[in-house]
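**Student:** Pasting the sequence and the predicted model now:
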Amino acid sequence: IAAFLLGRYLLRDCVRDRLVKKYPVIEAIDEAMQNNGLKIFFLLRLSPIVPFNAINYIAGITAISLRDYVIALIGILPGTILYCFVGASAGGLVEAEQGVSKPVTIASIVVGLVFAFIAVFIASYYAKKEFKKIIEQKQNSEAEEGGQRSEGLPIDEENIETGDMD
């Protein structure tokens, strides 16, 4: 929460101005955070790809409310549980020689890890899909405001991932 508050009150104007000049998609992201901040940040928290420290600062420079940011912290729980499970499983392997048969222990650990990684993959997939949908809606609304046809606007996935929309 401290990183969020630093980003919001000390760094927001400076960083935001520089990023908007360099990457126009930042403005669309900021508006999406204002409208769907809880949903987006919850999905980002489920994804282990982006480090939590970076997410905290990013949240500070966007328009997400403090309330939505704090509620989205719940999204950290599945990843934390996964890491705890992996650590406990590793400890369980060492202790497995003293009671439960080794194949049963190894099988339960492998099955648990497979399910955990599948859950993380699914969460990451849906987070990316939702983000693309929000960017597409933003592009369509901008096209409608500009008097252009909004149907069939191309969205270049590579540009979304790099932040370059030119």
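**Tutor:** Happy to help now that I have it. Remember, predicted model here, so these are calculated numbers, not experimental data.
**Student:** Determine the number of other residues adjacent to residue 66.
**Tutor:** Neighbours of residue 66 under the rule other Cβ atoms under 10 Å: 13. Glycine gets a C-beta too; all of them are placed from N, C-alpha and C.
**Student:** residues contacting it?
**Tutor:** Under the criterion of Cβ atoms under 8 Å, 6 or more residues apart in numbering, the contact list for residue 66 reads 4, 8.
**Student:** And it, its phi and psi?
**Tutor:** phi -60, psi -40 (degrees, to the nearest 10).
**Student:** and the helix or strand encompassing residue 135, what does it pack onto?
**Tutor:** Here residue 135, judged by DSSP states H and E, is contained in helix 102-145. Secondary-structure packing of helix 102-145 (3 or more Cβ pairs under 8 Å, 6 or more residues apart in numbering; DSSP states H and E): helix 25-46, helix 76-95, helix 157-162.
**Student:** List the residues that contact the residue lying closest to residue 117 once chain neighbours are set aside.
**Tutor:** Distances taken as Cβ to Cβ, 6 or more residues apart in numbering place residue 82 nearest to residue 117, at 8.0 Å, with adjacent residues excluded. By Cβ under 8 Å, 6+ apart, residue 82 lies in contact with 116-117, 119-120.
**Student:** Please apply the same query to residue 91.
**Tutor:** Neighbours of residue 91 in contact, by Cβ under 8 Å, 6+ apart: none.
**Student:** any idea how far it is from residue 85?
**Tutor:** 11 Å (Cβ to Cβ, to the nearest Å).
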